[in-house]
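1. coords below, sequence missing:
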Ligand SMILES: O=P(O)(O)OC[C@@]1(O)O[C@H](CO)[C@@H](O)[C@@H]1O
Ligand SMILES: [Mn+2]
C-alpha cells in the first residue's frame, strides 16, 4: 500500500521533472516532450484509482514502469530518453569516496592474488560478497528517487553489519567455485549476474566479478541487465557502459586503470552483457522456462547464477506470502536452471528459509524490519558441483 500510495507518484513526478529539465536539449522537439509529459501526468492521475490497490503488487509495479516507458515510446523521436538517467548518474557521483577506496583495495588484492592461500582467498571472496550485498541498500525505487547515503569505507562496513545477515550460505557459493577450480577437468567456469541497481551497487558487482576472474574462480562472466528503464535505478546496457566510461576517464589513477581493464574484459568477451525482455515483465521466475525458453536454456549453461537485489528475490519466490520457514528450494517452485544464489537486502515483506521464530523475534522490536534494507541474505540453491 505504501509503495503504491506514496512511492509511485513520487517516481512519476521525478520522471516528469527530468523531462522538464531536459526541455532545452530537445530543440525542435517541444511537441514530443509535451506529449510524453502529458501522458505521464495522465498516469499520475490514474494512480489514484482503486484498481491499482487491488491488483497484485508486483504486477501493478511492473505495469507502472511499462506505462512510463510507453509514454516515451509514444513520443518518438525521444523514445530513447531515460527519465531516470540523471538520478542514476547522481547516485554514482555521490559515492566517489567509497568507490575510490574499494578500487584501491581491489588493485592491491589483485597484485598479490597469486600468493594467497586458499583460506585467505576465501576470506577475500566473502568480504567482496558482503560489499556487494550491502551495495544493494542503495536502490532508488525504495527512496522514491532520493539518492541514498553510501558507506564511506566499504571494508569496515563488512564487520559492522555481519550480524544483520539472516541467512548466510556464503560457504555453499564458495564451494561451487573452489571445487570447480580444483577439478582440473573444468576448463571453464561461467558465472552469471542478474544485475540490480546501477551506480554504487553495480560497481560492487563489477569488483566481485573482476575478483572472480583474477582468482581463476571463473573464466567468463555474463551480466544480465534491463532493456528499458526499470524500478528507477536498475541497470541497462547504457548505465553499465556509462559507469565504465566514467571510471576510464576519471582523474584518479586507480579508477582509470580499472575502467580500462573492465573495458578490455568486454572486448575480449571475458565479460559479456545480455538483456532479455523477460526481466522487464511481471512473471515469476518459475514461469521462465515457458515464457522465455531461450533465456532459461542460456542460464542452464551457467555454473553459478547470482541474483542481485530485492525485486529478483520477489520474482524468484513468485512474490507470495510464504511462511518464513519454508525451504528456499521449495519456494523456487521448480526454477532450477543451474546452481543459484540470491544476494539481497530485505526491502519487501517476503522471506523463506529462516529458522523457526527468527523473523518473529526481530518483528517484536522492529515492526518494519522487512522494509528498510537493514537485513540481508545470501541464499543458495543447487548441487555443490
Ligand atoms: O530490487 P531492489 O532494487 O533491491 O529493490 C526494489 C524495491 O525497493 O523496489 C520496490 C519498492 O517499491 C520493491 O519491490 C523493492 O523493495
Ligand atoms: Mn532495483
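-> Everything's here; your move. None of the values given here were measured: they were computed from a predicted structure. Ligands and ions are numbered 1, 2, ... in the order given.

2. quick one: the helix or strand harbouring residue 61 near ligand 2?
-> Element membership for residue 61 (DSSP states H and E) is helix 57-73. No - residues of helix 57-73 are not located near ligand 2 by C-beta under 5 Å from the ion, the shortest gap being 10.7 Å. Backbone N, C-alpha and C define where each C-beta goes, glycine included.

3. quick one: residue 331 and residue 350 touch, right?
-> No - contact criterion C-beta atoms under 8 Å: residue 331 and residue 350 do not qualify, at 9.1 Å.

4. Which residues of this structure lie near ligand 1?
-> 3, 7, 136, 139, 141-142, 196-197, 231, 309-311, 314, 347-348 (C-beta under 6 Å from any ligand atom).

5. Output the residue of the stretch 1-150 of the chain whose distance to ligand 2 is smallest.
-> Minimum separation of the stretch 1-150 of the chain from ligand 2 (C-beta to the ion) falls at residue 139, amounting to 4.3 Å.

6. doesn't residue 353 make contact with residue 327?
-> Yes - counting by C-beta under 8 Å, residue 353 is a contact partner of residue 327 at 6.1 Å.

7. of those two, who's got more company?
-> Between residue 327 and residue 353, counting by other C-beta atoms under 10 Å, residue 353 is the more crowded of the two (22 against 11).

8. For that one, report the pLDDT, please.
-> If you check residue 353, the pLDDT there is 98.

9. where does the closest residue to it other than its chain neighbours land on pLDDT?
-> Excluding its sequence neighbours, the residue lying closest to residue 353 (C-beta to C-beta, 6 or more residues apart in numbering) is residue 328, at 4.4 Å. For residue 328, the model assigns a pLDDT of 98.

10. Count the neighbours of residue 328 for me.
-> Using other C-beta under 10 Å: residue 328 sits among 21 other residues.

11. got a list of what it touches?
-> Shown in contact with residue 328 (C-beta atoms under 8 Å, 6 or more residues apart in numbering): 167, 342, 352, 353, 379, 380, 381.

12. Farthest-apart pair in these, please.
-> 352 and 380 (12.6 Å; C-beta to C-beta).

13. where do the strands sit along the stretch 51-200 of the chain?
-> For the stretch 51-200 of the chain, the strands defined by DSSP state E, counting those that start in this stretch cover 165-168, 190-194.

14. hey, which of those strands is tucked in deepest?
-> Of all those, strand 190-194 carries the top mean neighbour count, a mean of 23, counting by mean count of other C-beta atoms under 10 Å.

15. neighbouring contacts of it?
-> For strand 190-194, contacts defined as C-beta under 8 Å, 6+ apart pick out 177, 205, 209, 212, 218-224, 279, 299, 301-308, 312, 338.

16. Get me the contact residues on the stretch 1-150 of the chain for ligand 2.
-> residue 139.

17. and with 6 Å instead?
-> Counting by C-beta under 6 Å from the ion, the residues of the stretch 1-150 of the chain lying close to ligand 2 are 139, 141.

18. how about the helices of the stretch 1-150 of the chain, start to end?
-> 2, 8-22, 30-46, 51-54, 57-73, 85-93, 96-111, 118-135 (DSSP state H, counting those that start in this stretch).

19. Next: the stretch 251-385 of the chain.
-> 253-267, 288-291, 293-299, 310-316, 328-331, 358-365.

20. which one of these is the most hemmed in?
-> Most buried of the helices of the stretch 251-385 of the chain by mean neighbour count (mean count of other C-beta under 10 Å) is helix 310-316; its value is a mean of 24.

21. which residues are in contact with that helix?
-> 58, 136, 139, 142, 194, 196, 231, 234, 283-285, 307, 331-332, 335, 342, 344-348, 350, 373, 377.

22. now stretch 26-39
-> Contacts of stretch 26-39 (C-beta under 8 Å, 6+ apart): 16, 19-20, 22-23, 70-72, 74-78, 81.

23. Tell me the buried residues in it?
-> 26, 29, 32, 33, 35, 36, 37, 39 (16 or more other C-beta atoms under 10 Å).

24. Next: stretch 274-282.
-> In stretch 274-282, counting by 16+ other C-beta under 10 Å, buried: 274, 275, 276, 278, 279, 280, 282.

25. what about the stretch 251-385 of the chain, any weak spots by pLDDT?
-> In the predicted model of the stretch 251-385 of the chain, residues 385 satisfy pLDDT under 70.

26. For the stretch 1-150 of the chain, give me the ranges with low pLDDT.
-> 142-150.

27. who touches the residue nearest the centre of the chain in this structure?
-> Closest to where the C-alpha atoms of the chain average out (C-alpha atoms, centre = their mean) is residue 196, at 1.4 Å. Shown in contact with residue 196 (C-beta under 8 Å, 6+ apart): 136, 139, 234, 235, 308, 309, 310, 311, 312.

28. let's go with 7 Å and repeat that
-> Residue 196 makes contacts with 136, 139, 234, 308, 309, 311, 312, as judged by C-beta atoms under 7 Å, 6 or more residues apart in numbering.

29. Make a ChimeraX selection of whichever of those residues turn out to be buried.
-> Restricted to buried positions by 16+ other C-beta under 10 Å, the ChimeraX selection for the contacts of residue 196 reads:
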select :136,139,234,308,309,311,312
